[in-house]
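Peer 1: build the 3D model from these lines:
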Amino acid sequence: MKNIILVGKPNSGKSLLFNQLTGLRQKVANFPGVTVELKSGQFGDYRLVDFPGTYSLKSLSRDEELAIEKLHEAMLSDATSLVVCNLDATRLERSLVFGLQVRDLAHKHNKGVVFSLNMIDEVQRFGHEIDTEKLSRDLGCAVYALSAKSLIGLHEFKLAIQDAAEHPEDFLPTIKADDESSVLQISRSLSKRYGLKADIVLKKQNRIDGFLLNNVLGGVMFFIIMFLLFQSIFTWASPLMDGVEMALGDMAAFVSNSLPDGMVNDFITDALFGGVGSFLVFVPQIMVLTFIIGLLEDSGYLARAALICHKPLSYFGLSGRSFIPYLSGHACAIPAIMAARTIESPRKRLITMMTIPLMSCSARLPVYALLIAVLIPDTQYLGGLLNLQGITFFILYFIGIVTALLVSVLLNKMTESDKDKADMPFILELPTYRLPHWKPLMHRVLTSGKQFIKRAGPVIFWVSVVIWVLGYFPESGELQSSYLAMIGHWIEPIFEPLGLDWRYGVAILVSFLAREVFVGALGTLFGIQGADENIAGLAANIQADGLTLGAGIGLMLFYVVALQCVATVATLKGETGSGKVAWGLFVGYGLLAYCLAWLAATFI
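Peer 2: Numbering: from 1, shown residues only. Reported below is the predicted structural model:
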């Protein structure tokens, strides 16, 4: 199958165009560095390949270097039939610098090129028109005006690239720039002739930035937005979580009452509804987190947040670009660690990767939510806009962030050298403010829930089954005399100083596979113990069991700090190229987490 490759600079609407052309719903974001891998999808009889966004064929980061290497490989390949270069119609000069370089590279390798002039709806909103026929003549390549968001010109563009891919010899570039300086001159000249005047585009943006990037008000707004983000994770998801828990409880009761008493009934009730069911209750929180971060990404605010954070983060040996991997780490540490590739400084990149595991990822959400529901009353403030449980959520996330910054200071002092003091300057493009494209955003939210279940569900299922079998036998449900109790009592001395019994110790150990397994394992253990009157209501079972406040807070602090995920360790090893770094962090964060949990259990 022949390939059509799609290239362009970041923030140009390229990923959304790819989604529209293929029907796939890939991640769309308005900040640099979001596309760090090749995406492909079916387009007619061709495979459309979405390349990472780059500003130039001269790389500034490892991420761009990888993208450029792949682009050169694609140009050399006979499988590449056509190159589609996406341009941002609102910022023509910046797009054309890369576009002209791609055109010249395609000219060198005898590849057909088509330009998509994206975001034409925003240009028209300013009352401006771009003469694509004349622009095509000056570029020596076909140019098609369109909007991937409002679908203007999209149908005609699909037909055009289908024809171009079938007859690439008719779309070979007819013009080539002489050198790099002429590329800059041509892009500037064409932008003046056809593009929007910069002051028209920037007028509205600067007015909003004057408020959001203000030295005082910008910082206050940033804090409020982050607070509302974490508050909403608990507050907005709470009705959905209650609904899921109620549905699971009703299903469990119906199934249990429909089956005769015995091992099968116990397995379904304890292992499936007690283990897997306890985990499913927290999926709505993952979806709410994805929705809020998606709003910030698509609106263009994340780039501003990175700019706001650059100065304070630099005090801790980090870059403003560290903010984006840090925020991504609240969804999952694995892509966040990979997103740190966009940080130009090798030392700051390493420090960012080493501290990302301290960001509270979505896998910790079920653990936090369970323990908060057990320990913290649902006290309402400001007419229900805020509640004590949501505030506690924010505090846990805040502790993780503060711990990451303190560790960054330590790592910065340990690794700083005179050479590092001459780091590259911090450069970040601020995209225009845009309303989110709701269809991809909502699809992303639903996908996040599905992927969370798909990734963690099988692990939790098998862990629940193993724990149930070990806890049920040899005496058919007598947990205290089971095989699991023997193992648990053997490791119990490690967890006794934390105010936890062997059941929590077993749940903590198995959660090394994935943090959220803690909830499923504990649900299975409490299910076996006979809490039939409150099936799938794990929080109520733990409350009845008498978990102390100090032990519960210590357990939350343990999960804030501990690097409790084998996949994160593997990713750190792959990205840093060092097993010592990855396992050293696992041990170091584990010991720190244990100490904090002991202090909480002892003094609270």
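Peer 1: which other residues reach the lengthiest strand in the chain?
Peer 2: Using DSSP state E, we find that the single longest strand of the chain is strand 80-88. If you take CB atoms under 8 Å, 6 or more residues apart in numbering as the criterion, strand 80-88 is touched by 2-9, 11-14, 17, 46, 74-75, 94-96, 98-99, 102-103, 106, 111-119, 143, 161, 164-165, 168, 171. Every residue, glycine included, has its C-beta placed from N, CA and C.
Peer 1: average model confidence for that strand?
Peer 2: Averaged across strand 80-88, pLDDT comes to 94.
Peer 1: pairing partners for it, with directions?
Peer 2: Partners of strand 80-88 in the sheet, by DSSP bridges, are strand 3-8 (parallel), strand 112-118 (parallel).
Peer 1: tabulate those in CSV, adding columns for mean neighbour count.
Peer 2: Converted to CSV, the strands paired with strand 80-88 look like this (neighbours: other CB atoms under 10 Å):
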stretch, mean neighbour count
strand 3-8, 26
strand 112-118, 25
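Peer 1: of those, which is nearest Thr352?
Peer 2: strand 3-8 (26.2 Å; CB to CB).
Peer 1: give me every residue that touches Ser136.
Peer 2: By CB under 8 Å, 6+ apart, the neighbours of Ser136 are 115, 142-143.
Peer 1: one more: Ala597?
Peer 2: 498, 554-555, 557-558.
Peer 1: measure it to Val517 for me?
Peer 2: The gap separating Ala597 from Val517 is 18 Å, by CB to CB, to the nearest Å.
Peer 1: equivalent analysis for Asn11, please.
Peer 2: For Asn11, the distance to Val517 - CB to CB - is 38 Å.
Peer 1: likewise Glu169?
Peer 2: Glu169 is 57 Å from Val517, by CB to CB.
Peer 1: of these two, who's got more company?
Peer 2: Per other CB atoms under 10 Å, whichever of Glu169 and Val517 has more neighbours is Val517, with 29 against 7.
Peer 1: state the pLDDT value of the more buried one.
Peer 2: Residue-level pLDDT assigned to Val517 equals 80.
Peer 1: what sits against it?
Peer 2: Counting by CB under 8 Å, 6+ apart, Val517 makes contact with 279, 456, 459-460, 463, 507, 510-511.
Peer 1: and the closest residue to it other than its chain neighbours, how many neighbours?
Peer 2: Sequence neighbours aside, Ser511 is the residue nearest to Val517 in space, at 4.7 Å (criterion: CB to CB, 6 or more residues apart in numbering). Ser511 is flanked by 25 other residues according to other CB under 10 Å.
Peer 1: from here on, call the first residue 661.
Peer 2: Sounds good: first residue 661 from here, last item Ser1171.
Peer 1: was I right about Val1179 contacting Arg1024?
Peer 2: No: counting by CB atoms under 8 Å, Val1179 does not reach Arg1024; the two are 10.4 Å apart.
Peer 1: comparing these two, which residue is more hemmed in?
Peer 2: Val1179 (29 against 24).
Peer 1: ok, the more buried one to Ile1154 distance?
Peer 2: Counting by CB to CB - Val1179 and Ile1154 are separated by 21 Å.
Peer 1: for Thr1231, same thing?
Peer 2: Using CB to CB, Thr1231 is found at 27 Å from Ile1154.
Peer 1: so the two - more neighbours on which side?
Peer 2: Ranked by neighbour count (other CB under 10 Å), Thr1231 and Ile1154 place Thr1231 first, with 22 against 14.
Peer 1: which parts of the stretch 761-910 of the chain are helices?
Peer 2: Per DSSP state H, counting those that start in this stretch, the stretch 761-910 of the chain carries helices over the ranges 780-785, 792-799, 814-826, 840-854, 858-872, 877-895, 898-918.
Peer 1: any chance of a markdown table for the ones you listed, columns distance to Ser979 and mean pLDDT?
Peer 2: A markdown table is the format used below for the helices of the stretch 761-910 of the chain (distance: least, CB to CB, whole Å; pLDDT from 0 to 100):
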| stretch | distance to Ser979 | mean pLDDT |
| --- | --- | --- |
| helix 780-785 | 30 | 86 |
| helix 792-799 | 36 | 92 |
| helix 814-826 | 37 | 93 |
| helix 840-854 | 27 | 87 |
| helix 858-872 | 20 | 72 |
| helix 877-895 | 17 | 78 |
| helix 898-918 | 36 | 83 |
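Peer 1: highest average neighbour count across those helices?
Peer 2: Among those, helix 780-785 has the highest mean neighbour count (mean count of other CB atoms under 10 Å), at a mean of 19.
Peer 1: what's the distance between the closest residue in space to Leu698 that isn't next to it in sequence and Gly701?
Peer 2: Leaving aside its chain neighbours, Leu698 sits nearest to Val709 (5.9 Å; criterion: CB to CB, 6+ apart). Per CB to CB, Val709 is found 8 Å from Gly701.
Peer 1: so those two - more neighbours on which side?
Peer 2: Val709 (21 against 17).
Peer 1: I figured that one was touching Lys699, is that so?
Peer 2: Yes: assessed by CB under 8 Å, Val709 is found in contact with Lys699 at 7.4 Å.
Peer 1: now do the buried residues in the longest helix anywhere in the chain.
Peer 2: Secondary structure of the chain per DSSP state H: the longest helix is helix 1098-1132. Residues 1100-1101, 1104-1105, 1107-1109, 1112-1113, 1115-1117, 1119-1121, 1123-1125, 1127-1128, 1130-1132 are the ones in helix 1098-1132 that count as buried (16 or more other CB atoms under 10 Å).
Peer 1: next one: stretch 942-962
Peer 2: Under 16+ other CB under 10 Å, the buried positions of stretch 942-962 are 942-958, 960-962.
Peer 1: centre of the chain versus the helix or strand containing Lys971, how much separation?
Peer 2: For Lys971, the host element (DSSP states H and E) is helix 961-974. Chain-centre distance of helix 961-974: 18 Å, with CA atoms, centre = their mean, to the nearest Å.
Peer 1: same deal with stretch 873-881?
Peer 2: With CA atoms, centre = their mean, you get 25 Å for stretch 873-881.
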